[in-house]
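# Pasting the sequence and the predicted model now:
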Amino acid sequence: MCTLTWPNCTHGKTRPNLSAMTVHPAILAKKLCSSWKKLPQKLLSFIWLALSACSAVLIGELLINALYFGDWQWHFSGTLAVLGNFLILFCSFLIILVVVNRTFVAAILGSVLYGVVILADILKLSSFDNPVRVSDLQYLPDLKVIAKSSLGYRSVSVTLIVLVAIIVAICLLWKKERHVLIPAARILTGFAAMAILVSLFVVPSYPAPREWLHDHGIEKPEWWEWEPRGSAQLNGLLVELAMNAGEMSFNRPDRYGYSEVSRIGLRYQKGLDAAPVVAKTEPPPNLIIFLVESFMDPQDLGVPFTSDPIPTFRALSKKYSSGKVVVPVFGGTSANTEFEVLTAMTMSLMPEDSCPYRQYINADLPSLPRFLHQNGYRTEAVLADPAYLFSRKKVLGHLGFDHWDFPEGNPSTPRTPDDEFATDDVIADAAMQASRKGSPFFFLGFTGGTHCPWEYDDYDNSSLDIVGPMAQPGRKRLKTYINALRVADNALKKMIEYYEKVDQRTMILIMGDHLPPLGDVYDSAHFFKSGDMEEVRQRYSVPAVLWSNFPTAKKDFICSANLIPAKLIELMELQPRGIFSLSADVYSHFPVFSRYVQTWDGHLFDPAAPDLPLRNLVEEYRLMQYDLLIGSQYALELPGWGLTSRNAKIH
């Protein structure tokens, strides 16, 4: 029996004596169910979906905090953040309901899709310390490699079993449930839910609503530039996605137009009457850019090893010009570093998390290979990646290479232990083969042997190991990485020894595309010791060395990837033109113009800082990039900026 006692307070009014009233639990439950059943079916469906969405949001955020942050609690910045996440997911559930017209099926499908987003967020946080963004949708064609980099075979098997169970449950419910909404109600519900959902993703892009949201507890992601995990944790995953949805828009510069492009472009026509190659006493040097996947100096971790994983690179660094290259990405998206090195453009003046290879390059562009081709060079690229990755097969043609190759697609090509890429030796051999085809040439080589994941067992018995304790799975991951790094170093040694003996003047730039996504290894080694600008310098700086088989003075350097072409063109004694003349002007004031800006006297700035020196030059740099990438390409009509024909040969 259950006794319900009413308060004695009557506020001056007589009340029947109910203090002794008793109700049997079964009778109470029956009355509640009877009242519930009297509600309209449509309203019941909406209530069920609302409860499902609310539960999914709370469980999802709890899982993110527990599995990544190790904290079993919520950290929402306020009520508005909770309501925003709920409303986004509820509207998504309603749209699914409109499509399937069954309440429980809609709740299951919506929860599964939300679970996929939660899983993707946890995986991206674990690998790259960055939350999921709307811009990540552009990498769906690369999902095979990305998924294998993050998921093991056991995880894939469990996922498949869960998916089968979900499909069976949906099939059973589909037969059992009746239609919920009549056609008119489906149309009205779908229109309203879609309108609200689109508004939630579009409105925060405007300054006034964004300020209002901030005043009422929603964090601005741009205020967490150094620690994007912070705003994602406070806002919740879905609100964070909505707040960043507008980041993909490449805003048209205020002064953009033919007259402004002409005014800027005509100032950078240097050397139009110069001979194609201006080196006078020596033949022009070959140029090789050798990009090493996920490259760092492991000694920077402060972890002792049984031997040096990169003895060749270290010896070269001591004898030849070496230093750091500041790249635009951390842990992944290699194509953005490659883009900067080949075009002299900077990601820092483009939308956050954009990928030009995927989004913007749909026509021929001025580029380093095209510039060198105009100066009598043969140009070639050989990459260890699959051809589809980052749309490279399309992009390399637009960048003006005479020839490019993806040996990974050949079944007879030796492959890395994870079976995903051509070995580093294959890329080194291709670089050596380039000299046998004649001189001068430009060769871009991109290795893949150090690509994550580092979960395979090939190096478990290697003598190259970590000295001292380190928790698993970080220890195994780091041991595999340093052994893969030694393989890359051996390939580098073979290539250098070959060019030491070749009777062709050759320069080789060896650099990383980004730091490896070592996750918990960085945490255990306390690698990122400080926040703000200093952490940015650590996170986006990769080691580099500039080797040559002819005498050059050792001049150590720091340079951002987009300004590498200006540095190389100067060393090769060529006259820059067009975009390279503009970037040389930028380089004369800023050795680094990337995630941070550094002047030659060492002062550091945020690229968007109002006190950034030479703001007019920066805006001209931005405007010309806009014109070439997504504008009308007015610059290509100007002398020194135009393109030449090419005869591309693709293998």
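That came in fine, so what should we check first?
# hey, which helix or strand in this structure has the poorest pLDDT?
strand 649-650 (a mean of 39; mean pLDDT, DSSP states H and E).
# for the stretch 101-250 of the chain, which spans come out with low pLDDT?
Low-confidence segments of the stretch 101-250 of the chain, defined by pLDDT under 70, span residues 127-129, 135-178, 222-227, 246-249.
# mind running it again at 50?
Along the stretch 101-250 of the chain, no part satisfies pLDDT under 50.
# Show me the helices in it, by range?
Along the stretch 101-250 of the chain, the stretches classed as helices by DSSP state H, counting those that start in this stretch are 103-128, 143-150, 153-176, 183-202, 207-215, 228-235, 237-244.
# List the buried residues in the fourth one.
With burial defined by 16 or more other CB atoms under 10 Å, the residues of helix 183-202 counted as buried are 186, 189-190, 193, 197, 200-201. (C-beta placed from N, C-alpha, C; glycine too.)
# cool, and the first one?
Burial within helix 103-128, assessed by neighbour count using 16+ other CB under 10 Å, is assigned to 103-111, 114-115, 117-125, 127-128.
# Can you spell out which helices and strands pack onto it?
Packing partners of helix 103-128 (3 or more CB pairs under 8 Å, 6 or more residues apart in numbering; DSSP states H and E): helix 41-67, helix 79-100, helix 143-150, helix 153-176, helix 237-244.
# same thing with the fourth one?
For helix 183-202, the packing partners by 3+ CB pairs under 8 Å, 6+ apart come out as helix 79-100, helix 237-244.
# Go through these and pick out the most buried.
Using mean count of other CB atoms under 10 Å, the stretch among the helices and strands packed on helix 183-202 with the largest mean neighbour count is helix 237-244, at a mean of 25.
# Residues contacting it, please?
Here helix 237-244 makes contact (CB atoms under 8 Å, 6 or more residues apart in numbering) with 57, 60-61, 64, 81, 84-85, 88-89, 117-118, 121, 131-135, 200-201, 204, 210, 213, 218-221, 231-232, 235, 352-353.
# just how off-centre is it within its chain?
17 Å (CA atoms, centre = their mean, to the nearest Å).
# quick one: the helices in the stretch 301-450 of the chain?
Under DSSP H, counting those that start in this stretch, the stretch 301-450 of the chain gives helices at 311-319, 334-343, 356-359, 368-374, 392-398, 424-435.
# Pick the most buried one from those helices.
Greatest burial across those, using mean count of other CB under 10 Å, falls to helix 334-343, with a mean of 26.
# If you average the pLDDT over that helix, what comes out?
Averaging pLDDT along helix 334-343 gives 93.
# repeat for stretch 293-311
The model assigns stretch 293-311 a mean pLDDT of 92.
# buried ones in it?
Result for stretch 293-311 [16+ other CB under 10 Å]: buried residues 293-298, 301, 303, 305, 308-310.
# Can you name the residues bridging to I558?
K324 (DSSP bridges).
# That one contacts G323, doesn't it?
Yes. Between I558 and G323 there is a contact under CB atoms under 8 Å: 5.2 Å.
# contacting residues around the residue nearest in space to the middle of the chain?
What sits nearest the mean C-alpha location of the chain, by CA atoms, centre = their mean, is T333, with 4.8 Å. Listed by CB under 8 Å, 6+ apart, the contact set of T333 reads 355, 514.
# That one and F550, how far apart?
Relative to F550, T333 is positioned 35 Å away (CB to CB, to the nearest Å).
# Surely P356 is in contact with T337?
No. P356 is beyond contact range of T337, at 11.3 Å (criterion: CB under 8 Å).
# okay, and the common contacts of those two?
With CB under 8 Å, 6+ apart, P356 and T337 have no common neighbours.
# mean confidence score for the helix or strand containing D523?
Taking DSSP states H and E as the criterion, D523 maps to helix 520-525. Mean pLDDT, computed over helix 520-525, is 82.
# Other residues contacting that helix?
So helix 520-525 is contacted by 301-303, 470-471, 473-474, 477-478, 527-528 (CB under 8 Å, 6+ apart).
# Swap in 10 Å and give it another go.
Applying CB atoms under 10 Å, 6 or more residues apart in numbering, the contact partners of helix 520-525 are 126, 129, 298, 300-303, 454, 466, 469-475, 477-478, 481, 515-516, 518, 527-528, 538-539.
# Alpha carbons of that helix, as PDB, please.
Presented in PDB, the C-alpha positions along helix 520-525 are these (Å, rounded to 0.1, in the frame of the first residue of the first chain):
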ATOM      1  CA  ASP A 520      48.600  10.500 -24.900                       C
ATOM      2  CA  VAL A 521      52.300  10.300 -25.600                       C
ATOM      3  CA  TYR A 522      52.400  14.100 -25.700                       C
ATOM      4  CA  ASP A 523      50.500  14.200 -22.400                       C
ATOM      5  CA  SER A 524      52.800  11.700 -20.600                       C
ATOM      6  CA  ALA A 525      55.900  13.500 -21.900                       C
END
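# Mind listing what's buried along it?
520-522, 524-525.
# next one: stretch 202-219
Of the residues in stretch 202-219, those buried (16+ other CB under 10 Å) are 203-204, 210, 213, 217-219.
# Including distance to V618, could these go into TSV?
Shown next, in TSV, are the buried residues of stretch 202-219 (distance: CB to CB, whole Å):
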residue	distance to V618
V203	30
P204	27
R210	24
L213	29
G217	34
I218	30
E219	28
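# All set now, cheers.
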